[in-house]
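A.B. asks: Here's my sequence, what's the structure:
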Amino acid sequence: MTIRSGLAALAFAGVALAGTLVPAQAQNNTAAGALIGGTAGALIGGAATGSAGGVAAGAIIGGTTGAIIGSQNDRRRAYYFWGNNGRCFLRQSNGAVVRVNRGNCM
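C.D. replies: The predicted structure is shown next:
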């Protein structure tokens with residue numbers, strides 16, 4: 001039981017420290033979310049089951065969940081988007097789409 005409680009404490013400490021990381025503005029958060037989620041999932045899965053199968057399952061589930069959350073974090077400006085022609089557009093609240101300066105999409 002001491003090993004499980006130690007692994008659980010380590011997992012919670014890792015999750016707490018991961019929450020304090022500040023990403024750079026141009027950083028892709030999908031990979032970082034997958035790494036942090038996979039690590040936390042492996043620690044929690046190993047602590048909960050005490051077997052290698054639990055570690056593997058926790059890593060897969062945590063990595064997938066972290067990647068999904070990280071990719072959603074990449075959407076910084078919900079109404080600005082790139083068109084197929086390389087131009088920046090703004091989707092307005094009434095549904096209209098207008099062309100705007102490229103600096104808004106970056």
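A.B. asks: Domain ranges for the chain, per the record?
C.D. replies: As recorded under automatic domain parsing, the domains making up the chain are 2-75, 77-106.
A.B. asks: Any idea which of the ones you listed has the lowest pLDDT on average?
C.D. replies: When the domains of the chain are compared on mean pLDDT, domain 2-75 scores lowest, with a mean of 73.
A.B. asks: now the strands for the protein?
C.D. replies: Per DSSP state E, the chain has strands spanning 80-82, 88-91, 97-100. These are given in chain order.
A.B. asks: Which one of these lies nearest to residue 64?
C.D. replies: Proximity of these to residue 64 was assessed by Cβ to Cβ; the nearest stretch is strand 80-82, lying at 25.7 Å. C-beta: built from backbone N, CA, C; applies to glycine.
A.B. asks: Mind jotting down where the helices sit in this protein?
C.D. replies: 2-18, 29-49, 52-73 (DSSP state H).
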